[in-house]
Every structure is written in C-alpha cells, then in structure tokens.
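In: Predicted model and sequence follow; I will ask about them next.
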Amino acid sequence: MLELLLNADLYAPQSLGRMHLLIAGERIVWIGRGEPKLPSSLGARVRDLAGGRVVPGFIDGHAHVTGGGGESGYASRVPEVALSRFTRAGVTCVVGLLGTDDLNRTPGEVVARARALEEEGLSAFAWTGGYHLPLATITGSARGDIVHVDKVIGVGELAISDHRSSQPSLGEFVRVASECHVAGLMSGKAGVLHLHLGDGPRGLEFVREALRTTELPARVFQPTHVNRRRALFDEALELARAGVNVDVTAYPAAGDDAGLSARDALLSAFASGVDPARFTVSSDGGGCLPTFDGDGRVTHMDVGDPGTLAETLAQLVRAGIPLERALLPFTANWAVALRLSRKGSITAGGDADLVVLDSDLGVRDVCCRGRWHVLDGVPVVPGRFETLSSSPSGS
C-alpha cells in the first residue's frame, strides 16, 4: 500500500514548512516540497492534509499496559489499557511496566500485552522488573531478560525513596544498574534503569552516589515522577546537568507545595539552561495515582491517562514554547534515550508514526506504522475486545 500525504505543515520535530510525504507499508520513504507524479499503476492513495500540522507520534515511555493498582486490596487492581486509549491520545509507541504489584502481575504478562498491542498496530516495548528487589524477571535475571527477550529494553520501575519499595541498599541498586548497562552493550538496546521516585526525603541520593562511586555512565539512570515534589525536581535538574535523562509525569500538581504539573516542570526545565534533550514526559497511563495517609494507607486513588500527554503539549505551546521545541520530550528525546532509531522523528526510512493536530493543538488524526487509527478525533481501529458487548452470552 502506498499513500501520498499532500500539504502537511511538517514538524519533524523541527519545523520544515509545507511538505509532501510518501508512505510505503509501515515506513516513510520520501519527503519533499514538490508534489511527485506517481504512475497510476502504483495505486497510491492520496490524502490532502490542507496545511494541517503533522508531528511525530508520541512515545509514552511509562505506561501500565496491564493495569496498575492493587495498593488498597484486590478490587483496586486497574484493568489493562485498551488500544484506543493510547491512539486517540496521539501515542504511537508505548513502553509497558509493572509497579507496586510485581507479584500477581508479571513481566511476562507485560511482554504479552506489548505483543498484543503491536498486533493491533501500536509499537510496544517493555521494562522488566517492578518496584522491588529481588527483581521479577522472565529468564531469571535482568541481564537475561534484556539480552534474550526482544521486547525488553531495560528495568523499571524500580522504586526508591518510597515506603512501597523494597528499601534496597546502595550496593543492590548499583548491581541492578550494572546489569542494565552490560545487557544494553550486549544487545544494542537502551539498557536503562527506569526509577520510580517516591516522596521520601532521600530523593535521588542513590543516583548521585552511583555516579560518584562507580564507572556507570549517567545515561543508564532515568528517574521518573520527579515533578511530584519541588525539591525533588530541583535535585533532578542537577542530575540532568550531569547527563542523567529525567522523566516528568503528566499529572497535575496535587496542591500548593505538593509538586509541579508537567507543564510547569517542563517550562522550568527549558528555562534552566540544561540540555533540553535530557527531558522526557510520560503519562503513567493505566497506573494507580494514590494518596496515602501517615500510616501508608490509601485515602484516594486516581488512574493515569495517556491523554495527559497531548494536553501537556498544548499547554506548553500556549505558554509560549515553540511547537518544535515543545515536541522534543514527547518524541525525539524518548527515541534517543531508548535507542529507538526509527521513532520520534519524521524522516525518510523512519516508521510512519504521525499525528495531525487540529487548530487547538488537539489530536485530530493518528497514523501508526502506516495505518490510520484515528480520524477527526474518532478511533477507527479498535482493540480486539473494545467492540464486544458487555452483556453475557449464553451457551
């Protein structure tokens, strides 16, 4: 199947102006200013985008594709995230993971769900492990999972500075990071240790000590949820100056002193003078967003939504950040950090992962690997079980 897209206002993510694109199968094969004259015998479909802004599909590097939760009893387990919740949010590539419950849910289930999403048209990968040590794995070790399981690109989300973590020692923490690094070298994958940060006062102390006392490169460590507290975000900025990739979570601040919204955190990051390539943003889609009392009991629970990514992008642009710069934490920065060479940008030879924005910077159309999943804001490719009736059937 060939498809010619005409008159795209192209952000690749750099602004390229009015361009035409040719898609063959799952790839972009040509980009140019002059409309090509294709032989009719090729049967190319033509779509005129009439100047619509076309940007790379979003990469969501932290989503609970099998569902999170379970922190206030079995009934609090969040269901798995359906395909269209990602696609209508502009997400064309997702990385699934486990959180608090890495016992009843397993890395094997995350890999299976990633494969299912990929069969449905999304690009999907997985972090192995979860909050706790010893790590939950498929092969028996983090190194084995990264090297031998194609979908696994690193370890995450290992919890530190959180009452729900396994309270690892610095030595245990460094050994996991070392396994990630070596496995990345062996496999050509990212080999990243993706870190859940809680509200604890130790903050990012383990990452600072690892950088000070070991030979591990800064890029191995990727702390997330760093905008949950202002002081924690300040720590993260300093680590970003040292070369650590920092992930902001797209949820709103919970109160005056609780933290920063994703918009405010990224505005601070852009204004800090730190290399903007060091920052990514993820949704925590499908994850439990709990509030705890002083005894560690859940008093309120919300669920992460992939749609917060597009909302955050629009907020950044409305705050005065040029679109081509605002796009980086959602697209190209993730692709570099995770070594996904065909993702995060619109280039000849890259995957045909595209989002067309409407006049209000909302997600209008979404193309995943050359197939249109959302048109005029409406999902046209449902997940396998999204269209089933909820009523029981007899036998």
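Out: Looks like it arrived, so ask away.
In: Can you check the pLDDT for T387?
Out: Predicted confidence (pLDDT) at T387: the value is 74.
In: tell me the SS of it?
Out: coil (DSSP: H, G, I helix; E, B strand; the rest coil).
In: can you check A159 too?
Out: A159 - assigned by three-state DSSP - is strand.
In: Now do the contacts for it.
Out: G99, T100, Y131, H132, S165, S166, L195, H196, G198 (Cβ atoms under 8 Å, 6 or more residues apart in numbering). Glycine gets a C-beta too; all of them are placed from N, C-alpha and C.
In: G108 now?
Out: Going by Cβ under 8 Å, 6+ apart, G108 touches I138.
In: in what helix or strand does it lie?
Out: Applying DSSP states H and E as the criterion places G108 in helix 107-119.
In: What is the nearest of the contacts of A159 to G32?
Out: L195 (42.5 Å; Cβ to Cβ).
In: burial of that closest one, as a residue count?
Out: Look at L195: counted by other Cβ atoms under 10 Å, it has 26 neighbours.
In: Which helix or strand lies directly C-terminal to the helix of greatest length in the chain?
Out: In terms of residue count, the longest helix belonging to the chain (DSSP state H) is helix 170-187. Where DSSP H and E defines the elements, the next helix or strand beyond helix 170-187 is strand 192-197.
In: on that earlier part again, what does the longest helix of the chain contact?
Out: With contact meaning Cβ under 8 Å, 6+ apart, helix 170-187 is reached by 129, 133, 135, 141-147, 154-155, 158, 160, 168, 189-193, 206, 209-210, 213-214, 216-217, 220-221, 339.
In: can you list the domains in the chain?
Out: Domain assignment for the chain by automatic domain parsing gives 2-55+342-379, 57-219+283-337.
In: and among those, the most buried is which?
Out: domain 57-219+283-337 (a mean of 21; mean count of other Cβ atoms under 10 Å).
In: For D358, give me its contacts.
Out: For D358, the contacting residues are G52, R364, G377, by Cβ under 8 Å, 6+ apart.
In: try Y11
Out: R53, V54, V55, P56, L323, E324, L327, I346.
In: Which of those residues fall within strands?
Out: The members of those that map onto strands under DSSP state E are R53, V54, V55, P56.
In: Got the confidence number for the first one?
Out: With respect to pLDDT, R53 scores 98.
In: My guess is it contacts V356. True?
Out: Yes. Contact criterion Cβ atoms under 8 Å: R53 and V356 qualify, at 6.9 Å.
In: Can you check which residues contact both of the two?
Out: A8.
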